[in-house]
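Peer 1: dropping the sequence and predicted coords here.
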Amino acid sequence: MEERRRSENAGTMRWLLTYADMITLLMTFFIVLYSFSKTNAAKYREIAASLRAALSGAPLQRGLPQSASNALVKLSPVAATSRHIAPTSAAAMLLIMAARAQQVLRAERSAATVHVTANALDIRFQGDSVYFASASAVVKPAFKKLLCDLAPVLRMTKDEIRVEGFTNDLPLHSAIYPTAWELSAARAVNVLRWLTEVCGVPPHQMEADAFGQWHPLYPNNSPTNLALNRSVDIVVTDQPPPGLDQGGPDVAPPGQPTPWSS
């Protein structure tokens, strides 16, 4: 009889096990939600602080303010590869670089423009008279100085940087560059080589693209538009350089001569 009573009491208390399991799961669920909300708030506070510093010209501080020291993502002047940081941080770094690039351009009184999206930063140099001679790919001295002034901004990222060359549709009379393809390619490559060989931008992050006359920003129907369609763009992406997963960056041969001293 005693065993029967103990068995009945045990059966009536089994609901407590289910209830306890449910309470434990609910508590865990709300703890996870709470932790997510705290992390995001800290991350956004850090991004806002970094953007304010960049836009005001103040030096960036490593890490977070004291009030947000528990953030998981830390922004610094040298960005980590976007494979290792949150997409929001990659976009914030592009905004910081855009602000720094605009400061350089203003200081140099340059007419170049800066365009930034969540995925790319485009520094556009339009009109060949300031940057190149007509039908020439030789980088002018003032443009060389401007490129080296921008180099510290480009070194803030470890992602891919493209140099893109564009021309208009006017006939090209040149023995060196028979078509717009060759001219736009030579201008892009010469800008790339100056940035890497003289200004210190890592070459394994760089690539040069030639678009010729086939991607005009404006109709080629006026002298102003014709000049604007002659451009070289430096595009910073949010993607790692191609090939890094297949053996890493190439190393230039030691003692390779550079043409810039002549």
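Peer 2: On my side now, so go ahead. Worth saying up front: this structure is predicted, and the values here are computed from it rather than measured.
Peer 1: and Asn225, its phi and psi?
Peer 2: Reported as degrees, to the nearest 10, the phi and psi values for Asn225 are phi -70, psi -40.
Peer 1: give me the neighbour count for the closest residue to it other than its chain neighbours.
Peer 2: Distance criterion CB to CB, 6 or more residues apart in numbering; nearest residue to Asn225, sequence neighbours excluded, is Tyr218 at 4.0 Å. Using the backbone N, CA and C atoms, a C-beta is placed for each residue, glycine as well. Number of residues near Tyr218 (other CB atoms under 10 Å) recorded here: 14.
Peer 1: for this structure, give me the ranges with low pLDDT.
Peer 2: Low-confidence segments of the chain (pLDDT under 70): 1-17, 28-88, 128, 244-262.
Peer 1: how about the helices in it?
Peer 2: Here the chain has its helices, by DSSP state H, at 2-12, 14-56, 87-107, 128-131, 141-154, 180-197, 223-228.
Peer 1: bridging residues for Arg162?
Peer 2: For Arg162, the beta-bridge partners are Glu207, Val235 (DSSP bridges).
Peer 1: what's around Arg106, how many residues?
Peer 2: Residues contacting Arg106 under the criterion other CB under 10 Å number 9.
Peer 1: kindly report the same for Ala210.
Peer 2: For Ala210, using other CB under 10 Å, the count is 20.
Peer 1: ok, it touching Ser184?
Peer 2: Yes - Ala210 sits in contact with Ser184 when judged by CB atoms under 8 Å, with a separation of 4.4 Å.
Peer 1: now the common contact residues for these two.
Peer 2: Jointly contacting Ala210 and Ser184 under the rule CB atoms under 8 Å, 6 or more residues apart in numbering are Gly165.
Peer 1: related to what we said a few turns ago, the residue nearest to Asn225 reaches Arg230, doesn't it?
Peer 2: No - Tyr218 is not in contact with Arg230 according to CB under 8 Å; the separation is 10.9 Å.
Peer 1: burial count for Ala133?
Peer 2: By other CB under 10 Å, 11 other residues sit near Ala133.
Peer 1: what's the local residue count around the closest residue in space to it that isn't next to it in sequence?
Peer 2: Nearest non-adjacent residue to Ala133, counting by CB to CB, 6+ apart: Lys140, 7.2 Å away. For Lys140, the neighbour count with other CB under 10 Å is 15.
Peer 1: now swap in Ile123 and tell me
Peer 2: Neighbour count of Ile123, defined by other CB under 10 Å: 27.
Peer 1: for the closest residue to it other than its chain neighbours, give me its contacts.
Peer 2: Closest residue in space to Ile123, ignoring its immediate chain neighbours: Ile234 at 4.5 Å, by CB to CB, 6+ apart. The neighbourhood of Ile234, defined by CB under 8 Å, 6+ apart, consists of 122-123, 125, 150, 154, 161-164, 191, 195.
Peer 1: make CSV from these and add distance to Val116 to it.
Peer 2: Formatted as CSV, the contacts of Ile234 follow (distance: CB to CB, whole Å):
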residue, distance to Val116
Asp122, 7
Ile123, 10
Phe125, 16
Leu150, 14
Leu154, 14
Ile161, 14
Arg162, 15
Val163, 17
Glu164, 16
Val191, 20
Leu195, 19
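Peer 1: and of those, the nearest to Thr24?
Peer 2: Closest approach between these and Thr24, by CB to CB: Ile161, at 51.1 Å.
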